[in-house]
Each structure stands twice: as C-alpha cells, then as structure tokens.
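got a predicted model here, sequence first, then my questions.
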Amino acid sequence: MAPEPQDAEAGRPRMPLGGRSVSALIPNALTICALCAGLTAVRFAFLDRWEHAVAAILVAAILDGLDGRMARLLNATSKFGAELDSLSDFVSFGAAPALILFLWSADGAGGIGWAAALFYAVCCALRLARFNTMLSDPSPPASARYYFTGVPAPAGAFLAVLPLMIEFAFGGGAFADPWACTAVLVLVGALMVSRIPTFAMKQMRIPRAMTVPALVLVALLVGALATAPWATLVATGAMYLASIPLSVLRQRKAVKAAAAEAGQPGQGG
C-alpha cells in the first residue's frame, strides 16, 4: 500500500485533490434557504405577523423554483439533493401553510380545523411521495412532460394562503372565517392528491412572435406587484385556478390525439 502523501512543512497528510466544487453546493444551499424560509414563516405566524409569514412562504416557493434549475445548469443533480428538496418542500409547503392557516383562523373551528390542517399536510406529503415515484418511472406517458398530476406542492401552498392574501388586499373578514379556512385546507389538500392534470409551466414554450408581448406582460406584472402586491397575487391565484379546467381539456385532447396516432380509441383524463 502506497504511503499517504505528506505536507513537507507541517508533516501532516495532504488532502487529496478532488471533491465537490463550491458551485456544486449552490443548489443544496438554495434548498436549505427555502427550508429556513418555511420555518421562519411558522415563527412569524406565532408572532401574529401574518404578512411576513405569507411572504416567507412565497420566498420559499421562489427558492424552490431556483434550486432545481441551478442543479441542472451546474450539472450538480444528485439523489441527496432530491431527497433534501422533498423534505424542504414538505416543511415549507405542507406543514407551514397548515400551521399558518390554523393559527390565523381555522383554530376557531376547534378539532375540525385541526383535522383539516392535518389533512392538508398529509396530502402534501402524499403528493410529494407520488411525484418522487413518478420521476423514477422509466416510461412515463408523453403528456407527463407538460402536465403535473394534481396541484404541485408550491402551488398548493400558494392556494392555501390565498385567503390571507385576499384579507390583506381587500379586508372584509369573509375569508377569515374559521370554517372558510377549514374548507380551503381540505379543498387544496384534495387538489394536491387528485389525478387532475395541471400545467407544468416550466415546460411551456413561447412563440418567437410573442417574445416582446410576453416581456411587456412581465414588466406590467412587476409594476403591479410594486404597486398593489397582495391584489396582484390574488389575481395570479385566480388565474391559476381558472387554468385548471383548461389544463384538463388540453390534456384530454392530447391523450386522444396520441391514441388516434397509435390507432387506439382515445380515453380522457
């Protein structure tokens, strides 16, 4: 066995060259930041700082969208990173929204409100577990590239805290009702574990002719967020909900078209 290389000055073994570069750690660092944002959202909820709590959930969603893209860009994907991402998602988009809504209003519904919070968190865990198993499918359906099965966890968290954003933007107290929040937790949890196809936005393509109009829309969205952030986010949530029936119709048409090309009778959904 060859002797271990020594440091001539200190007489200590030299660290071998190699290992992971600092850039390879960036995706996991972003995931940990997302996890910290989710936990911080819970802390803000205990302090009754509701706007800060919702903002922390949104920050976690942004970081969650960045970590996977950075991993692919830096060629730093790993099984460790995938597992860490799932754990972070459950905390930030499962446990944190459930606790925030329960502490904000659903506790007024007593045990039923807590049961709804548990239901939402469990549905998020099941949704993430199903997503991970679908990633290992060697032959996924062609439509899987363009559609999620059910509402993804970050979008589910966004929909779950929508009552708070409506309250921030418009007031009135209607969505602060304990039973309304309980119903939201149950409905969003059911959407996450459903088989309803929803658009996978990251796979959408914009025609070249629409590049400039799309950039103009981005500029308008940024201006609206700067002027009336909560109302803009509420409008965004409403548009996402409106897109779900459209995604169901588009996915059914895609399945029928693929079945027709294969000479088989098409089946919806």
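Received it, and whenever you're ready, just let me know what you need. Residues are numbered from 1 along each chain as shown.

helices along the stretch 51-200 of the chain, start to end?
Assigned by DSSP state H, counting those that start in this stretch, the stretch 51-200 of the chain shows helices spanning 79-90, 96-104, 111-135, 153-160, 162-170, 178-193.

which stretch among these comes nearest V218?
helix 153-160 (18.5 Å; C-beta to C-beta). To be clear about C-beta, it is placed using only N, CA and C from the backbone, and glycine gets the same treatment.

tell me what the closest one is packed against?
helix 50-73, helix 79-90, helix 96-104, helix 111-135, helix 178-193, helix 229-261 (3 or more C-beta pairs under 8 Å, 6 or more residues apart in numbering; DSSP states H and E).

now, of those, which is deepest in the fold?
Mean neighbour count (mean count of other C-beta atoms under 10 Å) peaks for helix 96-104 among those, with a mean of 25.

and the angle for that helix with helix 153-160?
With axes from the mean of the first three to the mean of the last three C-alpha atoms, to 10 degrees as the basis, helix 96-104 and helix 153-160 are set at 20 degrees to each other.

so, low pLDDT: which residues of the stretch 151-269 of the chain?
202-204, 258-259, 262-269 (pLDDT under 70).

how does it look with 50?
Along the stretch 151-269 of the chain, segments meeting pLDDT under 50 span 267-269.

make TSV from the helices of the stretch 51-200 of the chain and add distance to V255 to it.
Shown next, in TSV, are the helices of the stretch 51-200 of the chain (distance: least, C-beta to C-beta, whole Å):
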stretch	distance to V255
helix 79-90	28
helix 96-104	32
helix 111-135	16
helix 153-160	22
helix 162-170	30
helix 178-193	20
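
quick one: closest of those to E51.
helix 162-170 (6.0 Å).

how near is L103 to A41?
For L103, the distance to A41 equals 11 Å [C-beta to C-beta, to the nearest Å].

out of the helices of the stretch 51-200 of the chain, flag the one nearest A209.
Here helix 153-160 is closest among the helices of the stretch 51-200 of the chain (C-beta to C-beta), at 28.4 Å.

since that was my last question, I'll sign off now.
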